[in-house]
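Q: Here is a sequence together with a model predicted from it:
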Amino acid sequence: MTRILVPARTGLGPSGGDRYDAALAAAWRDRGRDVELLPVPGPWPDPGPAELERLAELVSDAPAGPVLLDGLVGCAAPEVVEGTGRPLTLLVHALLADGAGATGDRAAALDAVEQRALAAASTVIVTSGWAARRLTERHGRRDVVIAPPGTTRAPVARGGLATTGTPGLLALGAVSRVKNQALLLDALERVADLPWRLVVAGPVADPDLARTLEARTASGCLAGRVTWAGTVEGEELERLWDGTDLLMHPSRSETYGMAVAEALAHGIPAVVGAGTGAEEVLAGEGSSWEALAGAAVPTDDPGELAETLRRWLTDAPLRQVWRRRAHGRRNLLTGWGRTAEQIDRALDRIGP
């Protein structure tokens with residue numbers, strides 16, 4: 001039996017890490033592995049004594065077999081990782097400080113507990129080469145296993161240009177300072193003279209920020225051009241993808257960028273934050289970084305993002321090049337079976 005311990009979600013929709021955990025469990029079941037995915041309640045990454053006690057019980061009571069902890073839980077609980085008498089694997093979807101958008105003393109405190117947990121874990125799994133390098137630079141651990149998320153190829157999106165005559169932009173992710181929707185609105189105000197429509201889809205991680213951003217789009221040059229869709233899944237999300245010409249994903253921190261991979265699965269190019277794991281996804285395995293299926297821009301410069309958007313909105317040949325590259329990336333995507341196989345090999349090395 002394989003047990004995966006994940007953060008219980010209250011109010012927020014599923015994160016990229018949640019989707020990874022669930023898809024990995026499903027892929028393992030398809031391969032014949034017996035898997036249980038157990039949510040652990042608590043204000044992760046800030047657990048109290050009761051949450052730590054419950055986590056320790058779930059680890060110690062696990063049947064014989066591998067035990068994996070989502071990094072949001074395990075990296076925040078070094079006492080549990082250090083105190084167990086069995087091998088534990090951490091699935092690190094994002095470093096704690098990066099995921100929380102923390103700085104200063106808060107970031108230092110998260111780094112300290114995370115470093116202890118990472119040092120004590122038997123195996124550490126990350127989702128990209130970028131994430132592995134960042135973890136090693138921050139915490140010194142080098143024997144990190146890279147297991148990128150799988151992606152299922154989807155129907156090629158028609159796009160807003162083809163269906164309505166107006167370019168369709170999509171920002172998919174939790175409304176937060178990390179996902180950087182504020183920078184996106186700053187840039188869009190600078191290209192308000194051009195036709196486009198934006199849909200922002202994802203749960204609200206920062207209610208105060210969400211209210212501020214929605215108020216900005218209720219009047220002025222953005223009025224009537226930005227839709228706040230909230231959490232969108234299933235067929236509704238597929239409809240959004242079908243009307244999208246360009247994914248806007250200028251996150252300040254991104255270990256992989258599952259939304260970017262999903263865009264490529266639909267043949268949609270993307271604009272991402274430079275120097276993040278999302279740039280690695282956009283480049284594609286074995287591809288030239290000079291031939292991105294879109295563009296990578298600084299995460300603190302609305303002017304450069306606006307200029308990139310202006311070029312794409314006004315240059316039809318550029319749009320065709322980006323879309324052609326996205327179609328090429330789409331054909332190279334691998335499924336969750338490969339992810340499960342990569343982690344299988346890592347677990348085999350540590351034994352039961």
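A: Received, thanks.
Q: so where's this structure uncertain?
A: 10-13, 285-290, 351-352 (pLDDT under 70).
Q: For it, give the helix that spans the most residues.
A: Across the chain, the longest stretch assigned as helix under DSSP state H is helix 104-120.
Q: Can you give me the buried ones in that helix?
A: Taking 16 or more other Cβ atoms under 10 Å as the neighbour-count basis, helix 104-120 is seen to contain the buried residues 107, 110-111, 113-118, 120. (C-beta placed from N, C-alpha, C; glycine too.)
Q: Could you do stretch 83-91 as well?
A: Applying a neighbour-count criterion of 16+ other Cβ under 10 Å, one finds 84, 88-91 buried in stretch 83-91.
Q: circling back to that earlier point, state the pair within the buried residues of helix 104-120 that is farthest apart.
A: The most widely separated members of those are Ala107 and Ala120, with 20.8 Å between them, by Cβ to Cβ.
Q: now the buried residues of helix 104-120 in TSV, with distance to Asp46?
A: Shown next, in TSV, are those (distance: Cβ to Cβ, whole Å):
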residue	distance to Asp46
Ala107	13
Leu110	9
Asp111	14
Val113	10
Glu114	12
Gln115	17
Arg116	15
Ala117	14
Leu118	18
Ala120	19
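Q: which one of these is nearest Leu318?
A: Distances from Leu318 to the buried residues of helix 104-120, taken as Cβ to Cβ, are shortest for Ala107 (38.1 Å).
Q: got the contact list for Arg54?
A: By Cβ atoms under 8 Å, 6 or more residues apart in numbering, the contact list for Arg54 reads 40-42.
Q: now do Arg197
A: Arg197 sits in contact with 160, 166-169, 225-227, where contact means Cβ under 8 Å, 6+ apart.
Q: Mind checking which of those are in strands?
A: 168-169, 226-227 (DSSP state E).
Q: And the residues you listed, which of them are buried?
A: Listed as buried from the ones in strands among the contacts of Arg197 are 168-169, 226; burial here means 16+ other Cβ under 10 Å.
Q: quick one on the thing from earlier: report the two of the ones in strands among the contacts of Arg197 separated the most.
A: The largest separation in the ones in strands among the contacts of Arg197, counting by Cβ to Cβ, is between Gly168 and Val226 at 12.0 Å.
Q: Find residues that contact each of these two.
A: When contacts are counted by Cβ under 8 Å, 6+ apart, Gly168 and Val226 are jointly contacted by 197, 199.
Q: what number of residues lie near the residue nearest to Ser128 when sequence neighbours are not counted?
A: Using Cβ to Cβ, 6 or more residues apart in numbering and skipping residues adjacent in sequence, the residue nearest Ser128 is Gly277, 4.2 Å away. For Gly277, the count of nearby residues is 27 (other Cβ atoms under 10 Å).
Q: swap in Ala218?
A: As a burial measure, Ala218 scores 12 neighbours (other Cβ under 10 Å).
Q: Could you check how far it is from Val191?
A: Relative to Val191, Ala218 is positioned 19 Å away (Cβ to Cβ, to the nearest Å).
Q: likewise Leu135?
A: 37 Å.
Q: How far does stretch 316-335 sit from its chain's centre?
A: Between the mean C-alpha point of stretch 316-335 and the mean C-alpha point of its chain there is a distance of 20 Å (Cα atoms, centre = their mean, to the nearest Å).
Q: again but with stretch 142-152, I slipped
A: Centroid separation between stretch 142-152 and its chain, computed with Cα atoms, centre = their mean, is 13 Å.
Q: circling back to that earlier point, which SSE is immediately downstream of the longest helix of the chain?
A: Heading C-terminal from helix 104-120, the first helix or strand you meet, by DSSP states H and E, is strand 123-126.
Q: what's the helix or strand containing Gly337 packed up against?
A: Using DSSP H and E, Gly337 sits in helix 336-350. If contacts are counted by 3 or more Cβ pairs under 8 Å, 6 or more residues apart in numbering; DSSP states H and E, helix 336-350 sits against helix 16-30, strand 89-91, strand 123-126, strand 144-146.
Q: May I see the ones you listed arranged in CSV, with distance to Glu262 as well?
A: Written out in CSV, the entries for those read as follows (distance: least, Cβ to Cβ, whole Å):
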stretch, distance to Glu262
helix 16-30, 10
strand 89-91, 19
strand 123-126, 19
strand 144-146, 20
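Q: of the ones you listed, which approaches Thr255 most closely?
A: Shortest distance between Thr255 and these, using Cβ to Cβ, is found for strand 123-126: 6.7 Å.
Q: Please compute how far that closest one lies from its chain's middle.
A: Averaging C-alpha coordinates over strand 123-126 and over its chain gives two centres that are 16 Å apart (Cα atoms, centre = their mean).
Q: That strand pairs with which strands?
A: As defined by DSSP bridges, the strand partners of strand 123-126 come to strand 89-91 (parallel), strand 144-146 (parallel).
Q: want to try CSV for the ones you listed, with distance to Leu313 as columns?
A: As requested, these are arranged in CSV below (distance: least, Cβ to Cβ, whole Å):
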stretch, distance to Leu313
strand 89-91, 39
strand 144-146, 36
